[in-house]
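Participant: Sharing a model that was predicted from the sequence below.
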Protein chains: 2
Amino acid sequence: MPGQRSITEAEKLAEAKLGGMPVRHEQMAVVANIYRAASAVRQHLENSVLRESDLTWTAFVVLWVIWVWGESETRHVAEEAGISKGTLTGVSRTLETRGLVRRAGHPSDGRLVLLSLTDEGEELMRRVFPKFNEEEAFVAGQLSDEECRGVADALRRVVLQVEEHGEERRLALLDGAEPAPRRSGRRPKA
Amino acid sequence: MPGQRSITEAEKLAEAKLGGMPVRHEQMAVVANIYRAASAVRQHLENSVLRESDLTWTAFVVLWVIWVWGESETRHVAEEAGISKGTLTGVSRTLETRGLVRRAGHPSDGRLVLLSLTDEGEELMRRVFPKFNEEEAFVAGQLSDEECRGVADALRRVVLQVEEHGEERRLALLDGAEPAPRRSGRRPKA
DNA sequence: AGGATATCGTTCGGGGCCAAATTGCACGAA
DNA sequence: TTCGTGCAATTTGGCCCCGAACGATATCCT
């Protein structure tokens, strides 16, 4: 039976709870499952190949970015790794003290810092990446290559939607009001 | 052109870097995009509806779980919210001090703690959820209902794969070796 | 009854994480 | 020259996060 709904227990409960409310069910389900899948995948990889090499997910992603792009400016690495500059400062420092990453000032612009892998870092990635990729294949084991392509493509459209229209959308939602502070984090000065 | 590959710049670089190495490209791409999409969606929602109500993503998920399931034991909430018991202790305490959640001891089993929403918590969810769902619809805006169902279904299969075979797989990978400690976190006693 | 064992939630240690504030360099204008 | 402006990375504050250790309770076995 193709196109079967395969609704979970939680989704049934939600449906009941929301009784009369109009709800975008498909969109709710896709968001919930994106997040669940991301957590499950991350957890599996951290507890298998990454644990062996004593790397967190984030540390691995940062190494990966520097590996494939070569020596790069930190803001580029942060962007590509999907973390903030502030977070990268800490992570790259840790990787530096472990001898996997080298940081060098930019030759002509003193504000920039360039990150690159040490020989040890290169060697680590050559050793760890194949195992990492094998576990990626494991977690996606119930999906055909064709399905992987389809899902990856759909998720890219989600990312693009947020990247291209997210800010505009958030501004529209505020509708002129001031942006409301964040509870956590450093307090605004004024 | 259906089934088009739509490869990104980063994926091309990775391919080059990996020269001779055999790589499961589709699986690599699907994992990368699951994670990117999850981050993008979380960030958008935290910076729009959740910011207004001064909730983090995790706090919202916890409230949501208690809302749809009703009064629940903490281990159940943690499981369903996808966080560890230890994390839930902190989050639920914060929500308690904000007057959104109530904690009560189990009447017959002194080890258990039950979580439920206060009236204020209920009211908050009735107010926030519709907005949240609207943003879920926004981020999934480039996907048809049919595509949402397809993606959600595929991602459920990923989650299931890890839940059902992940531990077994991790044990097989160790192949008898001791599980290697985690760098961060409390040190084992011995 | 009473001790071993299992299971609960909590505590604790070491990160990760964001965004505001800050610091430091670059570069053009007065 | 010195000042302002702008953009870089870093520091900081408050939260999230996991999993080992812990204390309390429950249950099973004798």
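Facilitator: In hand now; what should we look at?

Participant: And for A:V101, the neighbour number?
Facilitator: Residue crowding around A:V101 was assessed by other Cβ atoms under 10 Å in any protein chain shown; the count is 23. Glycine gets a C-beta too; all of them are placed from N, C-alpha and C.

Participant: Let me see the mean pLDDT of the helix or strand where A:R169 lies.
Facilitator: Using DSSP states H and E, A:R169 maps to helix A:145-174. On average, the pLDDT along helix A:145-174 is 91.

Participant: That one packs against which elements?
Facilitator: helix B:25-45, helix B:119-139, helix B:145-174 (3 or more Cβ pairs under 8 Å, 6 or more residues apart in numbering or on different chains; DSSP states H and E).

Participant: May I see those helices organised as TSV, with mean neighbour count and distance to A:G82 added?
Facilitator: As requested, the helices and strands packed on helix A:145-174 are exported to TSV (neighbours: other Cβ atoms under 10 Å in any protein chain shown; distance: least, Cβ to Cβ, whole Å):
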stretch	mean neighbour count	distance to A:G82
helix B:25-45	23	5
helix B:119-139	18	16
helix B:145-174	18	19
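
Participant: For chain A, which residues are neighbours of DNA strand D?
Facilitator: Contact residues, chain A versus DNA strand D (Cβ under 7 Å from any atom of the strand): A:39, A:43, A:46-47, A:73-75, A:85-86, A:88-90, A:92, A:103, A:111-113, A:183-187.

Participant: Kindly recompute the last result at 6 Å.
Facilitator: Within chain A, the positions lying close to DNA strand D (Cβ under 6 Å from any atom of the strand) are A:47, A:73-75, A:85-86, A:89, A:111-113, A:183-186.

Participant: List the residue ranges of chain A that fall below the pLDDT cut-off.
Facilitator: In the predicted model of chain A, residues A:1-8, A:11, A:176-179, A:189-190 satisfy pLDDT under 70.

Participant: coming back round to it: what's the offset of the helix holding A:R169 from the middle of its chain?
Facilitator: 13 Å (Cα atoms, centre = their mean, to the nearest Å).

Participant: Could you list the domains of chain A?
Facilitator: Residue ranges for the domains of chain A, per automatic domain parsing: A:24-142, A:143-174.

Participant: Out of these, which gets nearest to B:E15?
Facilitator: domain A:24-142 (9.1 Å; Cβ to Cβ).

Participant: what's the spacing between the closest one and its chain's center?
Facilitator: 9 Å.

Participant: Tell me which residue of chain A is furthest from the middle?
Facilitator: A:G20 (35.4 Å; Cα atoms, centre = their mean).

Participant: In which helix or strand does that residue reside?
Facilitator: Using DSSP H and E, no helix or strand contains A:G20.

Participant: same deal with A:A104?
Facilitator: Element membership for A:A104, per DSSP H and E: strand A:101-105.

Participant: what residues are up against A:M125?
Facilitator: By Cβ atoms under 8 Å, 6 or more residues apart in numbering or on different chains, the contact set of A:M125 is A:63-64, A:67, A:117.

Participant: Just say helix, strand or coil for A:A78.
Facilitator: Assigned with DSSP: H, G, I helix; E, B strand; the rest coil, A:A78 falls in the helix class.

Participant: quick one, what contacts it?
Facilitator: Counting by Cβ under 8 Å, 6+ apart, A:A78 makes contact with A:84-85, A:87-88.

Participant: what's the nearest residue to the most centrally placed residue in chain A if we skip its chain neighbours?
Facilitator: Taking Cα atoms, centre = their mean, the centroid of chain A lies closest to A:G82, which sits 5.4 Å from it. Nearest residue to A:G82, sequence neighbours excluded (Cβ to Cβ, 6 or more residues apart in numbering or on different chains): B:S39, at 5.1 Å.

Participant: That neighbour and A:C148: what is the separation?
Facilitator: 19 Å (Cβ to Cβ, to the nearest Å).

Participant: Now cross-check the contacts of A:A78 against DNA strand C and list the overlap.
Facilitator: By Cβ under 6 Å from any atom of the strand, the members of the contacts of A:A78 lying near DNA strand C are A:84, A:87.

Participant: can you narrow the contacts of A:A78 to ones near chain B?
Facilitator: When the contacts of A:A78 are filtered against chain B using Cβ under 8 Å from any Cβ of the partner chain, no residues are retained.

Participant: Return the member of the contacts of A:A78 nearest to B:A14.
Facilitator: B:A14 has its nearest neighbour among those in A:L88, at 19.8 Å by Cβ to Cβ.

Participant: so who does the closest one touch?
Facilitator: By Cβ under 8 Å, 6+ apart, A:L88 lies in contact with A:62, A:74, A:77-78, A:81.

Participant: Dihedrals phi and psi, it?
Facilitator: phi -60, psi -40 (degrees, to the nearest 10).
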